[in-house]
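>>> Sequence and predicted structure, then a few things I'm wondering about:
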Amino acid sequence: MGIPEQFNDIIRRHLNVNAAWLPIVNNYALGDYGIFSDGVFVKMGNIKEFNVSFTEATCPEASIDFTSANTTVVKTAAGVEVDVIPAAAVDAKITFRFESGKSFLVKAPVITGTMIANVNQVATLLRNSKNWERKWKVVYQVYNALDPIIVSTIAAGTELTFSGDVEALKNLKVGTASVEIGTNKELGLNIHGKSGIIGLGLFKLKLFGSGPSFLLAGDKKTPAEVEILDNSVAVDNDL
């Protein structure tokens with residue numbers, strides 16, 4: 001499994017949406033549409049091109065604190081290992097030691113989101129557009145991570161060492177720009193000191209039974225029943 005697929009699994013488990021790839025350093029927006037290629041959502045345009053507008057709303061805040069198994073964390077102050085970094089610590093550091101290759105460290109203490117509030121109306125308008133293709137997916141949720149750290153390792157035995165802002169280290173806010181990161185081996189993915197989009201909620205139009213419907217993309221689980229939003233459009237979570 002490649003890095004994009006691994007990262008997508010992490011985001012699905014924590015946010016129940018698809019990962020934005022590349023994470024953080026992208027320009028996705030509500031209403032973007034596209035397809036999946038090699039497990040990655042590829043933007044083709046925005047539904048505004050089809051004269052479809054939408055209403056925005058705010059999603060509840062979320063967070064991610066994920067570290068791959070077989071990883072040890074060591075905190076030191078003035079060269080001495082400590083359980084908690086003191087407020088006035090000198091030469092404070094936090095080291096993550098990954099025993100396994102292809103490991104991940106994903107920390108995003110604050111994740112905000114926006115969404116299309118009138119998805120049902122948007123789906124109906126797209127269904128009635130003669131140029132719309134049902135294979136296209138639409139971004140209806142955008143999750144933005146503030147000061148995240150997203151790192152993937154390649155080889156076993158990789159160490160990440162964070163130093164700098166004592167207050168940030170004390171609170172394990174290692175994604176802030178005031179914290180420096182060092183490593184002993186090459187990394188597969190290293191995003192630090194930036195804020196941006198980490199996850200995307202998607203839907204697509206499809207035929208459901210004998211009537212039109214749309215399908216929310218993000219959750220592999222199939223619900224026990226389909227929620228009918230009105231007489232013509234239905235939702236399920238099977239992708």
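Cool, got the structure. Residues are numbered from 1 along each chain as shown.
>>> Please count neighbours and contacts with C-alpha atoms only from this point.
OK.
>>> Where does pLDDT dip in this structure?
Residue ranges of the chain with pLDDT under 70: 207-239.
>>> hmm, try it at 80
Counting by pLDDT under 80, the chain has low-confidence residues at 1, 172, 206-239.
>>> and it, what are its domains?
Here the domain parsing of the chain from automatic domain parsing is 1-63+110-148+199-239, 69-102+153-192.
>>> Next, format those domains as a markdown table and append mean neighbour count.
Shown next, in a markdown table, are the domains of the chain (neighbours: other C-alpha atoms under 10 Å):
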| stretch | mean neighbour count |
| --- | --- |
| domain 1-63+110-148+199-239 | 17 |
| domain 69-102+153-192 | 17 |
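>>> Hmm, Val40 and Pro4 touching each other?
Yes - in this structure Pro4 lies within contact range of Val40 using C-alpha atoms under 8 Å: 7.1 Å.
>>> anything in contact with each of these two?
Residues touching both Pro4 and Val40 (C-alpha atoms under 8 Å, 6 or more residues apart in numbering) are Trp21.
>>> Can you identify the helix in this structure that spans the most residues?
Among the segments of the chain that qualify as a helix by DSSP state H, the longest is helix 3-15.
>>> For that one, what is the distance to the chain centroid?
In terms of C-alpha atoms, centre = their mean, to the nearest Å, the centre of helix 3-15 is found 7 Å from the chain centre.
>>> pull the CA atoms of the helix or strand that it is followed by into PDB?
For helix 3-15, the following helix or strand on the C-terminal side (DSSP states H and E) is strand 18-24. Taking C-alpha atoms only, strand 18-24 is exported to PDB below (Å, rounded to 0.1, in the frame of the first residue of the first chain):
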ATOM      1  CA  ASN A  18     -11.400  11.100   2.200                       C
ATOM      2  CA  ALA A  19      -7.900  12.500   2.600                       C
ATOM      3  CA  ALA A  20      -7.000  15.600   0.600                       C
ATOM      4  CA  TRP A  21      -3.800  14.700  -1.400                       C
ATOM      5  CA  LEU A  22      -1.400  16.200  -1.100                       C
ATOM      6  CA  PRO A  23      -2.500  17.100   2.400                       C
ATOM      7  CA  ILE A  24      -2.300  20.800   3.500                       C
END
